[in-house]
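Chemist: generate a structure from the sequence data that follows.
(one chain, ligands or ions: 1)
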Amino acid sequence: MGTVSDNLRHIHQQIALACEKSARDPGQVRLVAVSKTKPASAVLEALAGGQRLFGENRVQEARDKIPLVAAGQGGEDAQWHLIGPLQRNKVKEAVQLFSLVHSVDSTALAEALSKRAVKPRPLPVLIQVNVGREPQKKGFMPEQVQEAIEQMASLDGIRIRGLMTVPPVVAEAEEARPYFRALAQLAHTLEGVGIQGVEMAELSMGMSHDYPVAVEEGATLVRVGSALFGARTSPL
Ligand SMILES: *Cc1c(COP(=O)(O)O)cnc(C)c1O
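Modeler: Numbers count the residues shown, from 1 in each chain. Sure, this is the predicted structure:
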């Protein structure tokens, strides 16, 4: 494991390579540096290396870390995305901390976000899809997504900007490709349906072990933690 700056450079090279392979513009892919379980100092190191966008999966941890980062060198430049499950009682805080919620996994959560959103600025959200149809995973089943989005589309205060998935754990990155492709195809289909007020501009997919494959399949947001900050000791 190199330094955070070295890792950052390597990840950007891998993203550029994947874009070259798939004839995509690297400007269309944003790296979300997943800093969960890592201290504010690690975030500040990444900021010093040019990274601006960070992902956290727990409101409580983010609430503690964000002010520490903001007080550090360059810390005000950090932007924060929520990538993990959101409990109803944390919604109010979440809308204040995060500029994008990747993990809307129920219409009830969308309604709660809508009620708490800070008007007039709508909160961008992504709809989480369980592409691998795993019983223990969060997200809508692929065949439920259209109806759910049609229900959520008219909610004030939130704006649906795309889809997100966490595919099944596989041994080889290549084995994740069909799941990424399925999410991209679903987004394409929904775009074709044309639901008022809904955009399919973002595809949040790909993690440390498979983000290059996700980029080849159209990811616009890759969520990379351990490949950037090193392995996590707690199993989050
Ligand atoms: C932890 C986490 C990641 C990052 O995982 P790595 O394998 O460390 O890159 C990405 N997405 C979600 C939803 C996560 O919870």
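Chemist: helices along this protein, start to end?
Modeler: Under the criterion DSSP state H, the chain contains helices at 4-21, 40-48, 59-70, 91-97, 107-116, 145-152, 177-193, 211-216, 226-229.
Chemist: just say which of those is most tucked in.
Modeler: helix 211-216 (a mean of 24; mean count of other C-beta atoms under 10 Å). Using the backbone N, CA and C atoms, a C-beta is placed for each residue, glycine as well.
Chemist: what's that one packed up against?
Modeler: helix 4-21, helix 177-193, strand 221-224 (3 or more C-beta pairs under 8 Å, 6 or more residues apart in numbering; DSSP states H and E).
Chemist: and this structure, which residues reach the ligand?
Modeler: Applying C-beta under 6 Å from any ligand atom, we find that the chain lies next to the ligand at 34, 36, 57, 83-84, 166, 207-208, 223-227.
Chemist: in CSV, list those along with pLDDT.
Modeler: As requested, these are exported to CSV (pLDDT from 0 to 100):
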residue, pLDDT
34, 98
36, 97
57, 97
83, 98
84, 97
166, 97
207, 98
208, 98
223, 98
224, 98
225, 98
226, 97
227, 98
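Chemist: widest-spaced pair of these?
Modeler: Greatest spatial distance in those: 84 and 227, 18.1 Å, computed using C-beta to C-beta.
Chemist: related to what we said a few turns ago, include distance to residue 180 when you put the residues of the chain next to the ligand into CSV, please.
Modeler: Converted to CSV, the residues of the chain next to the ligand look like this (distance: C-beta to C-beta, whole Å):
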residue, distance to residue 180
34, 17
36, 22
57, 20
83, 16
84, 20
166, 11
207, 11
208, 15
223, 13
224, 15
225, 18
226, 19
227, 17
